[in-house]
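> Return a 3D structure for these sequence lines:
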Amino acid sequence: MKTVHIKNKKKKTLSLIIIPHSKEVTQINIATWIPKLSLGLIAMIFLISGYLTFNLYNSYNVLKQNYSEKTHKLNNLEELTQQQKNEIDNLRLMSAEVQEKLESIDLLQETVRNLVGLEETRESSMKEEMQISDSLPSRGGPSLRRNNPASYIENDFETQIKGLSLLLDKSSEELNSLINDVEEKLRYLDAKPNLMPTTGRTTSGFGYRKNPFGRGREFHNGIDIANSSGTKIKAAGSGVVTFAGYNSGYGRYIIISHGYGYQSVYGHNRKLLVKIGDKVEKGQVVSEMGNSGRSTGPHLHFEIRLNGNPIDPMKVINNMD
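Numbers count the residues shown, from 1 in each chain. So this is what the prediction gives:
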């Protein structure tokens, strides 16, 4: 008969012995898988926490980067907005200055017109200019705009700039027209025989007078200016010599055509210094005073004709109209 020995498996446990000071010793047995499980759970918790912390850190960095980029863009936009606002303010100030200069140009135009005797031609366009100028910024500048924030509206500003552009175009047209008018007026004044042709004493005026060679009265077509023989005679206005010769009545005489319907006649000269076809300037010496022709002594017979008819020279001389 065999005897079978059965080995008892020992349970794997951990024993904790608690030894108090005053009581009996206590022993606690714990299965070995419990600490292992606890360590595994702790390790898993650390791994999950690390993973979550890593993701959270990455998300934080991404958010921080996005925030920095958006903040940078916002700062750039604010700087650009401020820059554009400053540019608009500068443009407004410039437009106000241009408007003031346009008004100065208008005053200058009127002054020039008055100096050369041009008639007022701007009355018909005053209402239109006032309507255009109403759309322009006030010359008061920034102080007025601070009280009126709506003036910063883009459409309003564009309207003001367009209005200013229209005023500039109109002012340019008026300046060109004024230049043409002034040039024409100066040509007219240069040609008009309104310069006293010589020095001396006026011995006979325009109109009826006593006949110096006999009885009765006769009509005198000009004025007589007496002085010594050889006194210089000047052209009363610029023009072209249309006659230079001798006549029994006028003696040696000259006719100058000035245009605009004017002619001037210089009679009784001692010597002629120009010939037919010569262009003469206003104030140019054209002859020397003499006593030729039907004359009682050295003098200049000066005559002005308008559209072929003699007129009183004294109403033309020094007349700038």
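
> Leaving out sequence neighbours, find the closest residue to K279.
Leaving aside its chain neighbours, K279 sits nearest to V240 (5.6 Å; criterion: C-beta to C-beta, 6 or more residues apart in numbering). Where C-beta positions appear, they are placed from N, C-alpha and C, glycine not excepted.

> So in terms of bridging, what pairs with that neighbour?
Here V240 sits in beta bridges with S257, K279, going by DSSP bridges.

> burial measure for it, as a count.
15 (other C-beta atoms under 10 Å).

> any chance you could map the helices in the stretch 151-300 of the chain?
For the stretch 151-300 of the chain, the helices defined by DSSP state H, counting those that start in this stretch occupy 154-191.

> where in it is pLDDT low?
151-158 (pLDDT under 70).

> Could you give the number of residues near L189?
Residues contacting L189 under the criterion other C-beta under 10 Å number 17.

> can I assume it is in contact with M320?
Yes. With contact defined as C-beta atoms under 8 Å, L189 counts as touching M320 (6.3 Å).

> which residues touch the residue nearest to K279?
Residues near V240 by C-beta atoms under 8 Å, 6 or more residues apart in numbering: I256, S257, G277, D278, K279, V280.

> Relative to E79, which of those is nearest.
Distance to E79 across those (C-beta to C-beta) is lowest for K279, with 68.9 Å.

> if we can go back for a sec, please, a ChimeraX command that selects the buried ones among the contacts of V240?
Those of the contacts of V240 that count as buried under 16 or more other C-beta atoms under 10 Å are selected in ChimeraX with:
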select :256,257,278,280
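
> List just the nearest of the contacts of V240 to Q84.
Among the contacts of V240, K279 lies closest to Q84 (C-beta to C-beta), at 62.1 Å.

> A244 versus the closest one, what's the distance?
Using C-beta to C-beta, to the nearest Å, K279 is found at 13 Å from A244.

> With G237 instead?
Distance, G237 to A244, by C-beta to C-beta: 16 Å.

> Between those two, which is the more surrounded one?
G237 (28 against 21).

> In this structure that one contacts S264, no?
Yes. Look at G237 against S264 with C-beta under 8 Å: they come within range, at 6.7 Å.

> okay, and the common contacts of these two?
Both G237 and S264 are in contact with P193, I256, H258, where contact means C-beta under 8 Å, 6+ apart.

> Hmm, the last one is touching V241, no?
No. Here H258 does not reach V241: they are 10.9 Å apart, not a contact under C-beta under 8 Å.

> who's more crowded, those two?
Per other C-beta under 10 Å, whichever of H258 and V241 has more neighbours is H258, with 24 against 19.

> Now do the same contact list for the closest residue to the more buried one other than its chain neighbours.
Distances taken as C-beta to C-beta, 6+ apart place G239 nearest to H258, at 3.8 Å, with adjacent residues excluded. By C-beta under 8 Å, 6+ apart, the contact list for G239 reads A191, P193, I256, S257, H258, G259, Y262, S264, K279, V280.

> I appreciate the help and will end here.
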